[in-house]
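> coords below, sequence missing:
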């Protein structure tokens with residue numbers, strides 16, 4: 001929920017792995033540690049304790065003789081023996097989990113294969129008793145069953161209630177309320193993380209949206225529609241499944257045919273009438289294409305490692321699809337966002353009420369409660385309570401003064417009044433704008449000359465270039481003509497928000513003819529009442545881009561290098577790694593690099609070279625190597641944590657030996673995750689957002705890492 005950060009205690013998670021440059025790097029699971037700095041504060045989090053009433057889950061290995069390749073047939077055979085294994089089970093085709101222990105270590109039953117009548121011996125062998133704290137994957141599967149008993153529909157990874165939608169008719173939108181849940185093993189034991197979630201859908205179909213676009217402008221309709229629809233996620237309401245749209249098949253329509261499961265040709269119209277009792281009205285509409293990768297099952301005789309991915313093309317009928325999320329045009333509409341926020345922005349107390357209602361529904365509905373009980377699970381009725389710490393307020397260092405930030409951690413007013421540590425005078429710069437925005441550009445230039453001196457920046461009159469139109473080519477041609485060796489900054493004022501124009505200008509100014517650049521939407525500087533505060537922020541950005549230093553904080557250690565790493569993945573399966581490293585003691589000047597990773601190549605190969613170059617650059621400036629290196633790593637999902645810990649950290653540590661056998665700095669890697677569902681609340685007379693500087697490093701943190709929020 002993108003709006004939750006302003007109304008609830010949303011948190012960011014960080015995990016650390018450490019290493020040294022010795023030949024053997026110790027990366028064992030850390031002993032749980034708690035920090036001690038700051039004042040204790042009472043908190044609670046959106047976690048519910050899961051209590052276990054049994055010793056664990058019994059895991060069995062299931063073997064079929066003769067072998068049965070079809071997984072669905074295996075499921076059917078196992079269902080024939082409920083009198084032996086019971087009604088409660090989780091079976092993936094090979095491994096069977098039961099809440100009970102069978103009388104014998106190996107139990108043999110028989111089933112008849114329906115295809116040829118052959119008797120198949122099924123050997124069910126106990127392999128181990130799995131403790132509850134190792135069963136979180138199984139419990140997440142079980143909890144999905146619980147959600148189905150509550151009549152919640154799974155869309156993506158969350159569950160929603162389509163029977164109680166919130167209608168926003170003025171914008172043709174509806175909002176499905178729901179929950180995002182996950183069971184994991186934390187420092188405080190087995191817990192269910194639960195948060196309120198919402199799914200946004202258009203009430204009209206993709207076909208209606210397509211017809212609206214065509215009615216508005218038929219010129220270049222197919223190209224414009226592709227830009228809008230490709231990459232979006234649509235929902236097929238007849239089965240509540242989501243699909244990412246990758247293309248549009250203009251040469252296909254609902255009368256096109258395909259082969260069904262029996263191998264016979266059938267058209268889409270007949271297929272939907274037969275399987276879903278849906279009559280497709282528009283027989284001429286094109287089809288949407290979604291491409292997904294699925295594991296190809298191995299055929300008889302293939303080795304187990306022969307299983308590989310294959311791309312499957314799914315054809316969707318626009319008339320039967322609803323768009324999810326918001327278009328760029330809707331996001332820019334203040335009225336749309338305001339009306340949506342009235343329903344999706346949830347206060348801490350509302351979240352607590354929603355969680356209590358959710359747990360009560362599970363405990364009071366017999367089917368849901370029974371599903372948990374037969375696996376030996378119970379949910380605590382209340383949210384998890386814990387104690388956090390509020391760190392001391394930071395001191396901000398400007399050129400002549402030290403400023404203590406306020407309780408809200410806001411120091412924007414102070415930094416615009418005090419001198420920057422290093423201010424770069426803006427002596428030669430250019431402003432590019434259209435004729436329509438000339439007045440706004442003039443007001444902006446005047447305000448720049450007023451606010452610049454307040455933080456030590458002298459601003460001269462720029463070269464103002466007025467354009468006859470707002471075409472991208474016109475902007476690029478004018479900027480190329482204005483670039484000269486002494487030019488410090490190019491400011492481009494755009495009349496509207498367009499990604500293609502922004503990308504083209506940035507490519508010109510960053511790659512083709514490198515020069516610092518600042519792009520501004522004319523609406524941003526159009527309000528005279530806000531112009532001063534907006535211009536102050538823009539001026540600070542420009543000063544920073546030209547090599548200036550705005551402010552600093554007190555650093556507790558010397559010879560420290562701070563490194564930041566992020567990654568971007570494009571549609572061509574190529575990745576780009578962004579790398580920055582501090583070069584001075586106050587951590588205000590930076591060395592930056594990018595590295596490209598082709599498909600199948602490890603990103604660390606490029607990052608290793610970036611770190612070596614950064615250490616050399618640090619030595620050239622400071623005449624000493626850094627004693628400590630802290631790496632902040634973004635762009636890492638939960639599934640990649642082990643790779644980063646076991647591979648990337650070791651590879652980065654290997655860089656140090658290139659600078660001599662005696663160079664052994666201390667290094668820590670902090671993995672930063674922002675897309676999380678953890679919510680932390682301050683427990684006062686009522687729940688509220690925690691104050692800035694609040695740290696949580698226990699109870700709801702993972703056991704195998706130095707985890708903190």
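In hand now; what should we look at? None of the values given here were measured: they were computed from a predicted structure. Numbers count the residues shown, from 1 in each chain.
> who's in contact with residue 279?
When contacts are counted by C-beta atoms under 8 Å, 6 or more residues apart in numbering, residue 279 touches 269, 272, 273. (Each C-beta comes from the backbone N, C-alpha and C, glycine too.)
> turn those into TSV, columns for neighbour count and pLDDT.
Conversion of the contacts of residue 279 to TSV gives the following (neighbours: other C-beta atoms under 10 Å; pLDDT from 0 to 100):
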residue	neighbour count	pLDDT
269	19	95
272	18	94
273	13	93
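> which of those residues lies closest to residue 166?
Ranked by distance to residue 166 (C-beta to C-beta), these are led by residue 272 at 28.5 Å.
> the closest one reaches residue 266, doesn't it?
No: contact status for residue 272 versus residue 266: not in contact, 10.1 Å apart, counting by C-beta atoms under 8 Å.
> what segments of the stretch 51-200 of the chain are strands?
Along the stretch 51-200 of the chain, counting by DSSP state E, counting those that start in this stretch, strands occupy 57-65, 90-91, 95-98, 106-112, 119-130, 153-155, 158-160, 166-168, 173-186, 189-202.
> ranked by average pLDDT, which of the ones you listed falls at the bottom?
Note on those: lowest mean pLDDT is at strand 153-155, with a mean of 86.
> quick one: contacts of that strand?
Contacts of strand 153-155 with the rest of the structure, by C-beta under 8 Å, 6+ apart, involve 144, 147-148, 159-162, 176, 178, 199, 235, 240-242.
> give me the pLDDT value at residue 213.
We have a pLDDT of 89 for residue 213.
> list the buried residues for stretch 691-699?
Going by neighbour count (16 or more other C-beta atoms under 10 Å), the buried part of stretch 691-699 is 691, 693, 694, 695, 696, 697, 698, 699.
> same check on stretch 139-147?
Using 16+ other C-beta under 10 Å as the test for burial, stretch 139-147 gives 139, 142, 143, 146, 147.
> list the residues that contact the last one.
Read that as residue 147. Counting by C-beta under 8 Å, 6+ apart, residue 147 has contacts 154, 159, 179, 181.
> mark which of the residues you listed are buried, thanks.
Neighbour-count burial (16+ other C-beta under 10 Å) applied to the contacts of residue 147 gives 159, 179, 181.
> output these as TSV; include the columns distance to residue 96.
Below are these laid out as TSV (distance: C-beta to C-beta, whole Å):
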residue	distance to residue 96
159	26
179	29
181	25
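> just the buried residues of stretch 139-147: which are in helices?
Applying DSSP state H to those, the entries found in helices are 139, 142, 143, 146, 147.
> quick check: nearest residue in space to residue 240, chain neighbours excluded?
Once flanking residues are discounted, residue 240 sits nearest to residue 153: 4.4 Å by C-beta to C-beta, 6 or more residues apart in numbering.
> pull the longest helix from the protein.
From DSSP H, the single longest helix across the chain is helix 604-622.
> of the contacts of residue 279, closest to residue 338?
Using C-beta to C-beta, those come closest to residue 338 at residue 272, 38.1 Å.
> that closest one sits in which helix or strand?
Take DSSP states H and E as the rule and residue 272 turns out to sit in helix 268-276.
> closest to residue 533 out of the contacts of residue 147?
Nearest to residue 533 among those is residue 179, at 39.2 Å by C-beta to C-beta.
> what ranges do the helices span in the stretch 201-350 of the chain?
Secondary structure of the stretch 201-350 of the chain (DSSP state H, counting those that start in this stretch): helices located at 206-216, 221-229, 268-276, 328-331, 334-344, 348-364.
> how about the stretch 451-600 of the chain?
So, for the stretch 451-600 of the chain - with DSSP H, counting those that start in this stretch - the helices run 472-482, 499-507, 531-545.
> about what we covered before: let's have the helices of the stretch 201-350 of the chain in JSON lines, adding distance to residue 584.
Formatted as JSON lines, the helices of the stretch 201-350 of the chain follow (distance: least, C-beta to C-beta, whole Å):
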{"stretch": "helix 206-216", "distance to residue 584": "53"}
{"stretch": "helix 221-229", "distance to residue 584": "44"}
{"stretch": "helix 268-276", "distance to residue 584": "64"}
{"stretch": "helix 328-331", "distance to residue 584": "39"}
{"stretch": "helix 334-344", "distance to residue 584": "41"}
{"stretch": "helix 348-364", "distance to residue 584": "41"}
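> weakest of these in terms of mean pLDDT?
Mean pLDDT is lowest for helix 328-331 among the helices of the stretch 201-350 of the chain, at a mean of 79.
> show me what that helix is packed against.
Packing partners of helix 328-331 (3 or more C-beta pairs under 8 Å, 6 or more residues apart in numbering; DSSP states H and E): helix 334-344.
> buried residues, the helix it packs on. List them.
Within helix 334-344, the residues scored as buried using 16+ other C-beta under 10 Å are 336, 340, 343, 344.
> got the angle for that helix vs strand 173-186?
Angle of helix 334-344 versus strand 173-186, following axes from the mean of the first three to the mean of the last three C-alpha atoms, to 10 degrees, is 50 degrees.
> how far off centre is helix 334-344?
In terms of C-alpha atoms, centre = their mean, to the nearest Å, the centre of helix 334-344 is found 22 Å from the chain centre.
> ditto for stretch 241-250
Averaged C-alpha coordinates place stretch 241-250 at 21 Å from its chain's average position (C-alpha atoms, centre = their mean).
> so which bits of that stretch are buried?
Residues of stretch 241-250 classed as buried: 242, 243, 245, 246, 248 (neighbour count, 16+ other C-beta under 10 Å).
> then stretch 465-477?
By neighbour count on 16+ other C-beta under 10 Å, the buried set for stretch 465-477 is 465, 467, 470, 475, 476.
> pretty sure residue 190 sits against residue 131.
No: the criterion here is C-beta under 8 Å, and residue 190 misses it with residue 131 at 9.8 Å.
> which one's more surrounded, the two?
Comparing residue 190 with residue 131 by other C-beta atoms under 10 Å, the one with more neighbours is residue 190, at 20 against 13.
> could you find the closest non-adjacent residue to the more buried one?
With sequence-adjacent residues excluded and distances taken as C-beta to C-beta, 6+ apart, residue 190 is closest to residue 50, at 4.4 Å.
> who touches that neighbour in this structure?
Applying C-beta under 8 Å, 6+ apart, the residues contacting residue 50 are 139, 183, 189, 190, 191, 192, 377, 378, 379, 380.
> could you pull out the strands for the stretch 251-400 of the chain?
Using DSSP E, counting those that start in this stretch, strands in the stretch 251-400 of the chain cover 257-259, 265-267, 287-296, 308-316, 321-323, 377-379, 384-390, 395-397.
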